[in-house]
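# Requesting a structural model of the entry that follows:
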Amino acid sequence: PALAMPFSVLAEEAAAACTTIEEVGSTGVGALTLAFIIFLVSTAVFAFKGKDAKNKEISYLSIYICGFATISYFAMLSGQGWTIVTGCRQFFYVRYMEWAVTMPMITILLGLVAGAEWVTILGAVGANIIQNFAMYIGAISVLSEVKWMWFIITLAGLAGVLLHLSKVFKSAADAKGGAAAELFTKVCWITCILWACYPVVWLFSEGFGSFSVSFEVTVYALLDVLNKVLLCFLILGGVDALDGGNEVSEDNEMA
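Numbers count the residues shown, from 1 in each chain. As a prediction, the model looks like this:
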């Protein structure tokens, strides 16, 4: 298929110059397995609790954020969604496909909690898409100069996202005050710290190739679980404190 052609060509070119390929080891497989189970159970819990959820928007987002992550980790655990990149390393491109969906959804989730206007939420989503796209293209780049240019674009996209979260979204949450502001402040800084870690892991894995594939997979799995499962549990647990659970949706409908 035409869609699969870039991946197959990339794999053939990389494999031609490789006598051995560095693949994920037992530690990485263990991390993938544990993350898959955590995401699967979390998705089921969110779906079960969603029947009685006071805020359906946040409930649905939490379900699909963890649901897409479950599918992604099942693919990696099954030995799918990967190719070979420069340095003869195994590269899980399916991870970036999942991030392209779940990270904008997390951004929307945080925007709803903050009570931000949709125009600013979409602005943050745009910066997030740029970051993820640049990280992926940089990871498969062959020329070193091109790879690092994409890394700079990644940092620019990340800066745009973090600026929206820590300034624009936080201002909207502070304007609401009370439990909503406290909840957003907590989940905002957790998200900012975790998202800032992704380019660092990229730098020493897809970038310099200093991390082993197993260590890379393990660290990404840890970040993903914290970034999705922990965040969604915190938000869903705090929604009940938001004036009957309807404050978030009402503010965004008015916006």
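# Can you pull the phi and psi angles for Thr83?
Here is the backbone geometry of Thr83 (degrees, to the nearest 10): phi -150, psi -170.
# so what pLDDT did Ala16 get?
Ala16 carries a pLDDT value of 55.
# Which parts of the stretch 51-200 of the chain are strands?
83-85, 89-91 (DSSP state E, counting those that start in this stretch).
# Which elements pack onto the last one?
Taking 3 or more Cβ pairs under 8 Å, 6 or more residues apart in numbering; DSSP states H and E as contact, the helices and strands that strand 89-91 lies on are strand 83-85. Backbone N, C-alpha and C define where each C-beta goes, glycine included.
# Show the average pLDDT along the strand it packs on.
For strand 83-85, the per-residue pLDDT averages 94.
# strands paired with that strand, and their directions?
strand 89-91 (antiparallel) (DSSP bridges).
# So which residues make contact with the strand it pairs with?
21-24, 82-85, 139-140, 206, 209, 213 (Cβ atoms under 8 Å, 6 or more residues apart in numbering).
# and the nearest residue to Ser141 once chain neighbours are set aside, what does it touch?
Distances taken as Cβ to Cβ, 6 or more residues apart in numbering place Lys147 nearest to Ser141, at 4.0 Å, with adjacent residues excluded. Listed by Cβ under 8 Å, 6+ apart, the contact partners of Lys147 are 138-139, 141, 207.
# Pull the most distant pair out of those residues.
Pairwise distances among the contacts of Lys147 were taken by Cβ to Cβ; the largest, 10.1 Å, belongs to Ser141 and Gly207.
# Show me where the stretch 151-255 of the chain dips below the pLDDT cut-off.
240-255 (pLDDT under 70).
# Just the buried ones from the contacts of strand 89-91?
23-24, 82-85, 139-140, 206, 209, 213 (16 or more other Cβ atoms under 10 Å).
# Now render the strands of the stretch 51-200 of the chain as JSON lines, adding distance to Lys228.
Putting these into JSON lines (distance: least, Cβ to Cβ, whole Å) gives the following:
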{"stretch": "strand 83-85", "distance to Lys228": "24"}
{"stretch": "strand 89-91", "distance to Lys228": "21"}
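# which one of those lies closest to Ile235?
Comparing the strands of the stretch 51-200 of the chain by Cβ to Cβ, strand 89-91 comes nearest, at 31.7 Å.
# Measure how far that closest one is from the centre of its chain, please.
With Cα atoms, centre = their mean, to the nearest Å as the basis, strand 89-91 stands 19 Å off its chain's centre.
# Also stretch 75-87?
The answer for stretch 75-87 is 18 Å, by Cα atoms, centre = their mean.
# Tally up the residues packed near Leu222, please.
16 (other Cβ atoms under 10 Å).
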